[in-house]
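Enquirer: Mind folding the following:
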Amino acid sequence: MRTATTLPPILRLGARRSVLDITEFYGPTSGGVRTYLGQKAAWVAGQQWARQAMLVPGQPPYRFLLAPVSARRIMLHERPDIIELGSPGFAPWIAAQAARGLDAPMIAFFHSNFPRIFNPFPERSSGMRRFATEALWRYVKFVDRFVRVTIVSSDFAATDLRRAGVDRIERLPLGVDLVRFNTARRAKRDETRAWYGLPVAGLLAAYIGRFANEKEIDTLLAGWPEAHKRTGMHLALVGDGPVRAMLTERTSGMQWAHVLPYEQDRERLADLHAALDVYAAPGPVETFGLSGTEAMASGTPVLSVNRGGMAEQVIASGAGELYEAGRPETIASALEALLARDLAALGAVARAHTERHHSWDLVFADLFALYDRVIAGEFGT
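Expert: Coordinates of the predicted model:
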């Protein structure tokens, strides 16, 4: 019987390329990072020449990595060709210490723009808040010394990193499960809405994701009474997070608002994306916008804030409209402009865009090609 301290046998010992993923952003209700790593594992399973292992701490939902001895033991066991860091925190320090003497370069994936999570609009702040934000960016620059290259999924993130002095950057957009998230599910629209207790008739938008301050759901709610007045569109908020109680209280008594729990079932989640008329993307500091891209793959146009990774998706595809960050009074007009267009045609445009640019096969083929470049010394040693 295997004990708790026994490491599992190495699979595909002779694999040409192996990667060890390390992140603190992995939990039962975590979003984009968990999806990314799960999709990577599924892709690697179909590639006999590749191998992947994951090192994540065990306390939910988001945890710090504080076990250098265990990390070292895992690295010596796995002997990866490359180490990918998926979170800032303590992970770079622990990984650098644990990887001493191993011929395994480290790279970083900038999944979370954590200085902007702390302060979404540093240009508007002053005093200690501005000082603290600048300190966080100095930390980003400092830990850059541990890695050969940092991967970003948007120009927005790349611009922030370059401003902080991080210049070894590669842009790699994330993908979407194009089989699971599809337009055929739109045929079940009424059934899906009824299952969730949402209005079957009429227009429906939804935000699906983490309930946190940096997502600026409060701005969306501030602008939606006028948006509902002009269009009759209802708004659902689906997810969980630290501001859930606030959102529930704030929407109490609002007939157009529906707060639903986090959806763990990916099939039902795909049905929900396809049952919407519009996907609402209020987060101005998104490094990509995975949930919005899943909506696009489902044939759903997007109403997005005009800053961050999701805004870039809307601009690149043409499958949505933008409102101004921090200005709830601009939401109603942007929604009216979106509804004045052919939503079905926009949905087809959104789907085509994801098929061209966001298949996981394309993403991971490019990622492993980048690994080869790093290992070959293209980004220094």
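Enquirer: Just the buried residues of stretch 235-249, please?
Expert: Across stretch 235-249, burial judged by 16 or more other Cβ atoms under 10 Å covers 235-241, 243-244, 247. (Each C-beta comes from the backbone N, C-alpha and C, glycine too.)
Enquirer: Could you name the helices and strands sitting against the strand or helix carrying Ile117?
Expert: Using DSSP states H and E, Ile117 sits in helix 114-118. Other elements packing on helix 114-118 under the criterion 3 or more Cβ pairs under 8 Å, 6 or more residues apart in numbering; DSSP states H and E are helix 127-143.
Enquirer: How about Leu303: which residues does it bridge to?
Expert: Ala280, Glu321 (DSSP bridges).
Enquirer: ok, it to Arg168 distance?
Expert: 35 Å (Cβ to Cβ, to the nearest Å).
Enquirer: Can you report how many residues lie near Asn113?
Expert: 22 (other Cβ atoms under 10 Å).
Enquirer: doesn't Asp160 make contact with it?
Expert: Yes: with contacts counted by Cβ atoms under 8 Å, Asn113 reaches Asp160, the gap being 6.2 Å.
Enquirer: want to throw the buried residues of stretch 235-249 into JSON lines with distance to His357, pLDDT and secondary structure?
Expert: Putting the buried residues of stretch 235-249 into JSON lines (distance: Cβ to Cβ, whole Å; pLDDT from 0 to 100; DSSP: H, G, I helix; E, B strand; the rest coil) gives the following:
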{"residue": "Leu235", "distance to His357": "28", "pLDDT": "98", "secondary structure": "strand"}
{"residue": "Ala236", "distance to His357": "27", "pLDDT": "98", "secondary structure": "strand"}
{"residue": "Leu237", "distance to His357": "28", "pLDDT": "98", "secondary structure": "strand"}
{"residue": "Val238", "distance to His357": "25", "pLDDT": "98", "secondary structure": "strand"}
{"residue": "Gly239", "distance to His357": "25", "pLDDT": "95", "secondary structure": "strand"}
{"residue": "Asp240", "distance to His357": "29", "pLDDT": "94", "secondary structure": "strand"}
{"residue": "Gly241", "distance to His357": "29", "pLDDT": "93", "secondary structure": "coil"}
{"residue": "Val243", "distance to His357": "32", "pLDDT": "96", "secondary structure": "coil"}
{"residue": "Arg244", "distance to His357": "33", "pLDDT": "96", "secondary structure": "helix"}
{"residue": "Leu247", "distance to His357": "32", "pLDDT": "97", "secondary structure": "helix"}
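Enquirer: Give the partner strands of the helix or strand containing Glu170 in its sheet and their orientations.
Expert: Element membership for Glu170, per DSSP H and E: strand 169-171. Counting by DSSP bridges, the strands paired with strand 169-171 are strand 150-152 (parallel).
Enquirer: Run the chain-centre distance for the partner strand.
Expert: The gap between the average C-alpha position of strand 150-152 and the chain average comes to 13 Å, counting by Cα atoms, centre = their mean, to the nearest Å.
Enquirer: where does the chain dip in pLDDT?
Expert: Residue ranges of the chain with pLDDT under 70: 1-5, 25-31, 58-67.
Enquirer: Show me where the stretch 151-300 of the chain has its strands.
Expert: Counting by DSSP state E, counting those that start in this stretch, the stretch 151-300 of the chain has strands at residues 169-171, 204-210, 234-240, 257-260, 278-281.
Enquirer: outside of stretch 32-44, which residues touch it?
Expert: 21, 23, 25-27, 50-52, 54, 86-87, 109, 111-112, 174-175, 177, 288, 290-291, 360-361, 364, 367 (Cβ atoms under 8 Å, 6 or more residues apart in numbering).
Enquirer: how about 7 Å then?
Expert: With contacts defined as Cβ atoms under 7 Å, 6 or more residues apart in numbering, stretch 32-44 is touched by 21, 23, 25-26, 50-52, 54, 86, 111, 174-175, 177, 288, 290, 360-361, 364.
Enquirer: Among these, which are located in strands?
Expert: Within the contacts of stretch 32-44, residues falling in strands by DSSP state E are 21, 50-52, 54.
Enquirer: so which of the residues you listed comes closest to Glu123?
Expert: Asp21 (33.8 Å; Cβ to Cβ).
Enquirer: can you pull the contacts of that closest one?
Expert: Contacts of Asp21 by Cβ under 7 Å, 6+ apart are 37, 52, 54, 84, 86.
Enquirer: Show me what it bridges to in the sheet.
Expert: Under the criterion used (DSSP bridges), Asp21 bridges to Met54, Glu84.
Enquirer: Can you tell me how far it is from Ala108?
Expert: According to Cβ to Cβ, Asp21 stands 11 Å off from Ala108.
Enquirer: now swap in Lys215 and tell me
Expert: To Ala108, Lys215 is 23 Å away according to Cβ to Cβ.
Enquirer: Looking only at neighbour counts, state which of those two leads.
Expert: Ala108 (29 against 25).
Enquirer: what about the more buried one, helix or strand, and which?
Expert: Here Ala108, judged by DSSP H and E, is contained in strand 106-109.
Enquirer: Starting from that strand, tell me which strands it pairs with and how they run.
Expert: strand 82-85 (parallel), strand 150-152 (parallel).
Enquirer: any chance of these in CSV, with distance to Ala201 and mean neighbour count too?
Expert: Listed next are those as CSV, based on distance: least, Cβ to Cβ, whole Å; neighbours: other Cβ atoms under 10 Å:
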stretch, distance to Ala201, mean neighbour count
strand 82-85, 47, 25
strand 150-152, 42, 24
